[in-house]
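>>> Test case, fold it:
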Amino acid sequence: MQTDNPGLWISISAALMAISIISGAFGAHLLKASLDVSMLNVYNKANFYMFINSLGLLVIQSLPSSCFSRPQRNVISKIMFLGLILFSGSLFSLVLSGITRFALFTPVGGTLLIVAWILMAYSSYKAK
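Okay, the predicted model is just below:
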């Protein structure tokens, strides 16, 4: 997979945002009756972070090249994507399966998301 292709990242971002909207509807209409309030909140949090960070992927690819070098843009996108999958994916898996071990991946994903946003801020600040 050619991960330094901005079009690929934009497509991934758009697909993840669409999945997030579908997931939100799924949670609101189908899961609401079968989950307790606590687990529904976890599900909604996973969905919210999935949407926000999918939008972040889009932003990274849409900013002018004066903000990031291509390698920086690629690294930040990879870190954010992995963080998004680990964070939201682990929470969705926890809620839908009830297997609490999935939650072990949540802080790793959250840390990667934080790192990606900090790298984005730092790289754009240092850009010439």
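
>>> Taking the centroid of this protein, which residue is nearest it?
Leu84 (2.9 Å; CA atoms, centre = their mean).

>>> What residues sit buried inside the helix or strand where Asn74 lies?
If you go by DSSP states H and E, Asn74 is part of helix 70-97. Across helix 70-97, burial judged by 16 or more other CB atoms under 10 Å covers 72-77, 79-81, 83-95. (Glycine included, C-beta is placed from N, CA and C.)

>>> on that earlier part again, mind listing what the residue nearest to the centre of the chain touches?
By CB atoms under 8 Å, 6 or more residues apart in numbering, the contact set of Leu84 is Leu16, Tyr49, Met50, Asn53, Ser54, Leu57, Gly109, Leu113.

>>> Quick one: distance of stretch 22-41 to the chain centre.
Computed by CA atoms, centre = their mean, to the nearest Å, the chain-centroid distance of stretch 22-41 equals 19 Å.

>>> Quick check: end-to-end length of it?
Counting by CA to CA, to the nearest Å, you get 17 Å between the two ends of stretch 22-41.

>>> Mind listing residues that contact that stretch?
In contact with stretch 22-41 (CB under 8 Å, 6+ apart) are residues Tyr43, Asn44, Asn47, Met50, Phe51, Phe92, Val95.

>>> which one among those residues gets closest to Leu119?
Met50 (19.7 Å; CB to CB).

>>> wait, that closest one sits on Ile21?
No - the criterion here is CB atoms under 8 Å, and Met50 misses it with Ile21 at 10.0 Å.

>>> the more surrounded of those two?
The neighbour comparison of Met50 against Ile21 (other CB atoms under 10 Å) goes to Met50, with 23 against 12.

>>> The chain: helices as residue ranges?
6-26, 37-62, 70-97, 106-126 (DSSP state H).
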